[in-house]
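*Asks:* Return a 3D structure for these sequence lines:
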Amino acid sequence: MNDQLRIVWPEDPPPVVSGTSPPQLKGSQGNSREVKGSQADDDRAGWTIEAYFDRVVEPDLRARGRAGSTITDYCTHVQAWRRYWGQVAAGPEYRITYPVLRSITPSDLETWRAWLVDQAGKSAGVADKYTGSITAILRHAAARWVIERAAGLPRLTTPTVGSKFVFSLDQAEAMYAAMGLAVWPSRRRDGSKPRRPAADYWRAWLAIMWTYGPRVQEVWAYKSARSPLTWSAIDPRPTRAVEDAKFCSPAGWLVYTPRKQRRRKPRPLVLPLAPRVRELLDTIRPKGADDDEPIFDFPLSAGTSKGNGPPPASAGFYAQYWAIAEAAGIPTTRSAAGRRIAGPADFRNTALTAYGELGKFVTGHAAGRGVDDVNYRQPTEQLIEAIYARPQPGRAT
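*Replies:* Below is the predicted model:
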């Protein structure tokens, strides 16, 4: 957490605001913080959320290699919690005591979330995300017996597949054609010129996103903390052992472990390589390419999006993407939540939708891929059939 925002309390509990019994906030328990029943015998149970996050959770997230953006989100959400309980709720209007880990209740979470929506101007979805970070910290404490149980709340919003954008084949075809106008990227990470026209790289990228729906920076990374697909993920051999059997995919296999899933699902995804994907990848693969060389070897972020330095590499990526989408006639208006629809991330939902029940195996959502999960079974034969049968942009089927 940023040092300017960090609050570090010693082992003593935070200060208690004195005064008469406060008026009740929506969902509030007043200023009483007594917890009846058995309680974990751990001094840390008397810490505040931000003290526990600073000392325990944040170092743990860094040790586990979590993305910097994830940690930044946690910091932002914890600071909003501190602001409410340290300034608003503890002010002269309410005089509510600052809650510590052992005393946080669902009512406290509901009161804070209501303030985020009603007073701080957050949307329901954003408020859910803020609340999710606080409950995740509480679960972290409960899992380590710091507190007896973690308080939680049902979401205000319920994401559904139908609420997200799904690309049609016609739209993907139009994007494929519009990619002929691409001029970015004009250089590689080492500053040299790309070996092929920019359109070739974008079309190979489109084929991967359309077919498998990976997260955007699992394929074409523009942040230094991300690991893009390398040529080691492409196994050109038709026959491969998957779990306890051998299968044949004439075009080869895509083998990789999504970065976000490496801790809980360390087993790699082993997916049949669609012939069209293999064809486009062969077009851009340089002779003698090393296995650890990125497939899309383009600039990493070298700047900031805050206007006080050079623009990040993501600016070029997204500027080119939206130009392609506009030329393809795809609507890129903003949703009610403010998100620009038909973006690169929407290919993930497109793949999930296209493959039906098989979609979770294609994207890696399927449960049971952990090291100790011996009962996980991937329907490889069905995946070969479905992936090979799916129409591909840029080729009549």
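
*Asks:* Could you break this protein into its assigned domains?
*Replies:* 1-158, 161-389 (automatic domain parsing).

*Asks:* Now tell me which of those domains the model trusts least on average.
*Replies:* Per-stretch mean pLDDT for the domains of the chain is lowest at domain 1-158 (a mean of 74).

*Asks:* Grab the nearest non-local neighbour of L156.
*Replies:* For L156, ignoring the flanking residues on the chain, the nearest one in space by Cβ to Cβ, 6 or more residues apart in numbering is A124 at 4.0 Å. No exception for glycine: its C-beta is placed from N, CA and C like everyone else's.

*Asks:* In three-state terms, label the closest residue to P275 other than its chain neighbours for me.
*Replies:* Spatially, and ignoring its direct neighbours in sequence, P275 is nearest to A251 (4.4 Å; Cβ to Cβ, 6+ apart). Secondary structure, DSSP: H, G, I helix; E, B strand; the rest coil: A251 is coil.

*Asks:* ok, now R44?
*Replies:* helix.

*Asks:* Am I right that it is in contact with R102?
*Replies:* No - contact criterion Cβ atoms under 8 Å: R44 and R102 do not qualify, at 9.2 Å.

*Asks:* and the helix or strand harbouring T72, what other elements does it pack with?
*Replies:* Element membership for T72, per DSSP states H and E: helix 68-83. Here helix 68-83 touches helix 49-52, helix 58-63, helix 124-143, going by 3 or more Cβ pairs under 8 Å, 6 or more residues apart in numbering; DSSP states H and E.

*Asks:* Quick check: buried residues in that helix?
*Replies:* With burial defined by 16 or more other Cβ atoms under 10 Å, the residues of helix 68-83 counted as buried are 71, 74-75, 77-82.

*Asks:* could those residues go into a markdown table alongside distance to D244?
*Replies:* Converted to a markdown table, the buried residues of helix 68-83 look like this (distance: Cβ to Cβ, whole Å):
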| residue | distance to D244 |
| --- | --- |
| I71 | 39 |
| Y74 | 40 |
| C75 | 45 |
| H77 | 44 |
| V78 | 46 |
| Q79 | 50 |
| A80 | 49 |
| W81 | 48 |
| R82 | 52 |
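
*Asks:* What is the nearest of these to W115?
*Replies:* Nearest to W115 among the buried residues of helix 68-83, counting by Cβ to Cβ, is A80 at 9.0 Å.

*Asks:* I figured that closest one hits A120, correct?
*Replies:* Yes - taking contacts as Cβ under 8 Å, A80 lies within contact range of A120: 7.1 Å.

*Asks:* Spatially nearest residue to I134, not counting backbone neighbours?
*Replies:* Nearest residue to I134, sequence neighbours excluded (Cβ to Cβ, 6+ apart): W81, at 5.8 Å.

*Asks:* is it true that R334 touches R340?
*Replies:* Yes - R334 is in contact with R340 according to Cβ under 8 Å; the separation is 5.3 Å.

*Asks:* For the two, work out which one has more neighbours and name it.
*Replies:* Using other Cβ atoms under 10 Å, the more surrounded residue of R334 and R340 is R340, with 15 against 9.

*Asks:* elements contacting the helix or strand harbouring W205?
*Replies:* Secondary structure assignment for W205, by DSSP H and E: helix 198-212. On a contact count with 3+ Cβ pairs under 8 Å, 6+ apart, helix 198-212 meets helix 169-178, helix 216-219, helix 275-284, helix 313-327, helix 346-354.

*Asks:* tell me which residues in the fourth one are buried?
*Replies:* Neighbour-count burial for helix 313-327, with 16+ other Cβ under 10 Å as criterion, is recorded at 313-314, 316-318, 320-322, 324-325, 327.

*Asks:* Spatially, which two of those are the most separated?
*Replies:* A313 and A327 (21.7 Å).

*Asks:* so what's the nearest residue to R348 once chain neighbours are set aside up against?
*Replies:* Of all residues not flanking R348 in the chain, G213 sits nearest, at 4.1 Å (Cβ to Cβ, 6+ apart). For G213, the contacting residues are 347-352, 359, 362-363, by Cβ atoms under 8 Å, 6 or more residues apart in numbering.

*Asks:* Dihedrals phi and psi, P272?
*Replies:* Backbone dihedrals for P272, given as degrees, to the nearest 10, come out at phi -60, psi 140.

*Asks:* and the gap between the closest residue to it other than its chain neighbours and R55?
*Replies:* Excluding the flanking residues, the one nearest P272 by Cβ to Cβ, 6+ apart is S249, at 3.7 Å. Per Cβ to Cβ, to the nearest Å, S249 is found 49 Å from R55.
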